[in-house]
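Q: Mind folding the following:
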Amino acid sequence: MKKNYKVIQWATGITGQASLHSIIRNPRLELVGVKVYADEKNGKDAGVLIGGNPVGITCTQDTEKIMGLDADCVIYCPMPWDVTEMCAILSSGKHIVTPCPYWFPFTQDREDAEKLISACKRGGVNLHASGINPGGIAEMLPLTLTGLCNRIDRITMTEYGDCRDYGSEGVIRDLMNLGRTPEEADSNPVKDLLTSFWNEPIDMIAEGLGSEVINYSSEHNYVLANQPIETASGTIAKGTIALNNYRHIGKTKEGTEIIQEQIWFMDDICQERLESKMEIPQDSGWRIRIEGDVNLVVDVRLDAPTQPERTAMGISLTGFHCVNAVEATCEAKPNGIKTFLDLPLITGTMGSYSVFN
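A: Numbering: from 1, shown residues only. Model prediction:
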C-alpha cells in the first residue's frame with residue numbers, strides 16, 4: 001500500500017471547494033482541517049459545506065488552530081494570497097500546493113521566491129504551484145508535446161473562455177477587466193501583475209527547452225459590448241469591455257517565440273452582442289500550437305451539453321490538479337520550490353494499489 005497524506009484545505013471559494021471535493025474523494029488523502037473566511041461557513045461540516053454528507057471535519061476561521069494541526073500538506077487557495085502567511089505554513093513543516101502565482105517565480109519575482117525557498121528549508125518541505133492555466137495546460141502540456149518535435153519556431157497556448165457563468169465579480173472585473181471601460185482597463189494596476197503571471201510559464205517553457213528568454217513583449221486588445229449583457233457577475237454595460245485579449249510573448253536566445261494568449265469574453269461564440277468579432281474556435285477550452293519543421297495543433301475541450309457545466313468543469317480542473325499533486329510535492333527532494341520540471345508525472349488517483357508493493 002502506498003503512503004496516505006494528511007491534508008488541510010485553506011480557503012473554500014470556487015476553486016477551494018473543487019479541491020475540497022477532490023480531497024474527500026481521494027483514497028490516498030485524509031482531510032484534517034478546513035480554513036474558511038466567511039462567517040456563514042465557520043462551524044460547518046466540510047462535507048455539508050460542499051453539498052455532500054458530513055465528514056466529521058468542522059470548518060474554522062481560527063488560523064492558529066489550523067496551523068497547529070498535524071498535516072503533511074496544505075492546499076492553499078485564498079484570493080488574494082499572502083506570501084508571509086505562506087512562509088509561516090511552510091516554516092511549520094507543512095508542504096503547500098497552490099494555484100497562486102509561483103509556478104516559476106525565479107525570474108519574475110525573485111524576492112518572493114527567495115522568501116519561499118528559505119521557508120521551505122526551515123520547515124523541510126516543498127511549495128508547488130499548480131492549477132490549470134497557468135499551472136498545467138500553459139506549460140506542462142506544451143512542454144510534453146515538444147518531445148515529439150525537432151526544430152521549434154513558435155509555441156502558442158491560447159485559452160478561450162465564455163465567462164458569462166463565472167460568478168466571481170472580483171475576478172471578472174478586476175482581473176479580467178470585463179465590464180470596465182477601456183480607460184479603466186488601461187489604468188488597472190493588475191495589468192502589470194498579469195504580465196508577471198503569464199511570463200512565468202513562458203520562462204518555465206524556455207527552461208524546459210534548455211534556453212532562456214531574452215525579450216518580453218505584450219499586447220492588450222479588447223472589444224466592447226454593443227448592448228447590455230446579463231451575466232452571473234452582473235450586467236456588462238453597453239460600451240464596456242465584453243471581450244478581453246491578452247498576448248504575452250517571450251523570445252529565446254535561439255529565436256523561439258513562446259506565446260501565452262487569453263481570450264475571455266461575455267457572449268456566445270457567435271459574438272453578436274460585441275462591436276466586432278475575433279476568431280474563436282471553441283467557447284471554452286485551450287489550443288496549443290507548435291510551429292517548426294513539424295506543425296502541431298492540439299485542442300483541449302470541455303465536453304458538457306451546456307455552457308454553465310463547461311464553466312464549472314474548467315474551474316474544477318484547477319482544484320483537482322492541485323490535489324493530484326500532493327504526493328509528488330510531499331516526496332520531492334531537495335526541499336524548495338518545485339515546478340513541473342522537478343516533479344514526476346502527475347496523474348489522477350483512483351486507488352492505493354501498486355505492483356511494486
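Q: Show me where the chain dips below the pLDDT cut-off.
A: By pLDDT under 70, the low-scoring segments of the chain are 1, 357.
Q: Residue 255 in helix, strand or coil?
A: Put simply, residue 255 is coil when judged by DSSP: H, G, I helix; E, B strand; the rest coil.
Q: these two touch, right, it and residue 153?
A: Yes - at 7.4 Å, residue 255 counts as touching residue 153 under the criterion of Cβ atoms under 8 Å. Every residue, glycine included, has its C-beta placed from N, CA and C.
Q: When these two are compared, which one has more neighbours?
A: residue 153 (14 against 11; other Cβ atoms under 10 Å).
Q: and the helix or strand the more buried one falls within, what does it pack onto?
A: Residue 153 belongs to strand 152-162 when assigned by DSSP states H and E. For strand 152-162, the packing partners by 3 or more Cβ pairs under 8 Å, 6 or more residues apart in numbering; DSSP states H and E come out as helix 140-146, strand 257-265, strand 284-292, helix 307-324.
Q: again, only using 7 Å
A: When contacts are defined as 3 or more Cβ pairs under 7 Å, 6 or more residues apart in numbering; DSSP states H and E, strand 152-162 packs onto helix 140-146, strand 257-265, strand 284-292.
Q: Sheet partners, orientation included, of it?
A: strand 257-265 (parallel), strand 284-292 (antiparallel) (DSSP bridges).
Q: starting at the chain centroid, how far to the first one?
A: When distances are taken as Cα atoms, centre = their mean, to the nearest Å, strand 257-265 is centred 15 Å away from the chain's centroid.
Q: what's in contact with it?
A: Applying Cβ atoms under 7 Å, 6 or more residues apart in numbering, the external contacts of strand 257-265 come out as 138, 154-163, 176, 178, 198, 201-202, 205-206, 242-251, 278, 280.
Q: just the last one next, same as before
A: Strand 284-292 has contacts (Cβ under 7 Å, 6+ apart) with 133, 137, 141-142, 145-146, 149-162, 281, 296-302, 310-311, 314.
Q: Show me which of the residues you listed are buried.
A: 133, 137, 141-142, 145-146, 149, 152, 154-162, 300, 302, 310-311, 314 (16 or more other Cβ atoms under 10 Å).
Q: Ends of stretch 72-88, what's the gap?
A: By Cα to Cα, to the nearest Å, the extent of stretch 72-88 from end to end equals 14 Å.
Q: Show me the contact partners of it.
A: Taking Cβ under 7 Å, 6+ apart as the rule, stretch 72-88 contacts 5-11, 13, 15-16, 19, 23, 89, 94-100, 112, 115-116, 119, 322-323, 326, 329-330.
Q: How about stretch 25-39?
A: 2, 4-12, 20, 23-24, 42, 46, 55, 57, 59-61, 63, 66, 69-71, 323, 326-327, 349, 351-352.
Q: chain center to it: distance?
A: For stretch 25-39, the distance to the chain centre is 19 Å (Cα atoms, centre = their mean).
Q: Return the set of buried residues in it.
A: Result for stretch 25-39 [16+ other Cβ under 10 Å]: buried residues 26, 28, 29, 31, 32, 33, 34, 35, 36.
Q: how distant is stretch 302-320 from the center of its chain?
A: Using Cα atoms, centre = their mean, the offset of stretch 302-320 from its chain centre is 14 Å.
Q: burial count for residue 313?
A: 16.
Q: before we move on, back to that, list buried residues within the contacts of stretch 72-88.
A: By 16+ other Cβ under 10 Å, the contacts of stretch 72-88 give 5-11, 13, 15-16, 19, 23, 89, 94-100, 112, 115-116, 119, 322-323, 326, 329-330 as buried.
Q: taking those one by one, which sit in strands?
A: 5, 6, 7, 8, 9, 10, 95, 96, 97, 98 (DSSP state E).
Q: any chance of these in CSV, with distance to residue 341 too?
A: Formatted as CSV, those follow (distance: Cβ to Cβ, whole Å):
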residue, distance to residue 341
5, 22
6, 27
7, 24
8, 26
9, 27
10, 25
95, 18
96, 18
97, 16
98, 17
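Q: Can you tell me which of the residues you listed lies closest to residue 127?
A: Nearest to residue 127 among these is residue 96, at 4.8 Å by Cβ to Cβ.
Q: Just to check, that closest one is in contact with residue 89?
A: Yes - because the distance of 5.9 Å satisfies Cβ atoms under 7 Å, residue 96 is recorded as touching residue 89.
Q: How about the contacts made by residue 142?
A: Counting by Cβ under 7 Å, 6+ apart, the residues that residue 142 touches are 155, 157, 205, 288.
Q: now for those residues, which pair is the farthest apart?
A: Taking Cβ to Cβ, no two of these sit farther apart than 205 and 288, at 11.0 Å.
Q: which of those two has more neighbours?
A: Higher neighbour count among residue 205 and residue 288: residue 205, with 27 against 19, using other Cβ under 10 Å.
Q: I'd like to check what contacts the host helix or strand of the more buried one. Which residues are they?
A: For residue 205, the enclosing helix or strand under DSSP H and E is helix 190-208. Helix 190-208 is touched from outside by 101, 103-105, 107-109, 134, 138-139, 142-143, 155, 174-175, 212-213, 216, 218, 220, 246, 248, 250, 252, 258, 260, 339-341, with contacts defined as Cβ under 7 Å, 6+ apart.
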